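> What would the 3D arrangement of this be:
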Amino acid sequence: MCREESKEILILDSSAIINGYNPASSSKKHLISEKTIKEVKDQKSRRILETAISIKKVKIAKASEKSIQKTRKNAEKTGDLKYLSEADIETIAIALDAKEKGLQPIIITDDFTIQNVLSHMKIPYKPVITSGIKNKVKWIIYCPACGATYTDKKISTCEICGSKLKRKIKS
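The predicted model follows:
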């Protein structure tokens with residue numbers, strides 16, 4: 001069992017640090033992307049993160065282009081791509097890269113959109129201060145005014161009536 005645990009690697013989303021997760025108090029290995037570091041702006045959270053990096057509890061990682069594309073494709077399928085930041089995409093892609101290397105990635109995040117994509121991709125996650133999502137979902141884009149639905153997730157305005165599009169859970 002110890003051998004399995006040594007393969008576990010924790011990947012940090014900015015919400016983990018912002019919501020009080022301190023990697024310096026864990027014996028596990030941690031990864032974080034440069035883009036995620038830039039999302040951590042408040043002084044207290046930055047200090048926690050910078051300390052963890054300086055004492056080598058957190059290593060900065062860069063995702064492969066292949067894993068970034070796979071993440072985008074999966075997020076597009078669930079309808080979440082539009083709601084993920086570049087840092088979120090890279091965080092998920094880092095987990096894919098770790099999985100490919102035979103590691104067991106777990107993403108530490110309170111972000112429900114990230115959790116939804118991870119659930120569809122069968123990548124484990126642990127929330128910090130929330131209980132996490134209850135069900136994985138797929139979204140549809142629709143016009144609340146005329147009811148038109150769209151498969152192109154990049155459109156934000158209804159082509160029929162001009163109203164701002166919204167998303168809802170696909171039934």
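
> Would you point out the helix or strand in the protein whose mean pLDDT is lowest?
Of all helical and strand segments in the chain, the minimum by mean pLDDT, DSSP states H and E falls on helix 2-6, at a mean of 54.

> which element follows that helix toward the C-terminus?
strand 8-12 (DSSP states H and E).

> neighbouring strands for that next one, and are they parallel or not?
When pairs are called by DSSP bridges, strand 8-12 turns out to pair with strand 29-33 (parallel), strand 104-108 (parallel).

> What strand or helix carries E159?
For E159, there is no helix or strand it lies in under DSSP H and E.

> now do D88
Assigned by DSSP H and E, D88 falls in helix 86-100.

> Just list the residues touching the residue most central in space within the chain, thanks.
The residue lying closest to the centre of the chain (Cα atoms, centre = their mean) is I114, at 3.5 Å. Neighbouring residues of I114 by Cβ atoms under 8 Å, 6 or more residues apart in numbering: D13, L84, D88, T91, I92, I107, Y125. In this view, the C-beta of every residue, glycine as well, is placed from N, C-alpha and C.

> repeat for I160
Contacts of I160 (Cβ under 8 Å, 6+ apart): C143, C146, A148.

> Least confident of those?
Lowest pLDDT among the contacts of I160: A148, with 88.

> So what touches stretch 148-156?
Residues from elsewhere that reach stretch 148-156, judged by Cβ under 8 Å, 6+ apart: 76, 79, 81-82, 140-143, 158-161, 164-165.

> before we move on, the earlier item: between which two of the contacts of I114 is the distance greatest?
Among the contacts of I114, the pair separated by the greatest distance (Cβ to Cβ) is L84 and Y125, at 13.9 Å.

> of these two, who's got more company?
Ranked by neighbour count (other Cβ atoms under 10 Å), L84 and Y125 place Y125 first, with 23 against 20.

> now the more buried one: how far from K136?
Y125 sits 11 Å away from K136, going by Cβ to Cβ, to the nearest Å.

> same deal with L81?
From L81 over to K136 (counting by Cβ to Cβ), the distance is 15 Å.
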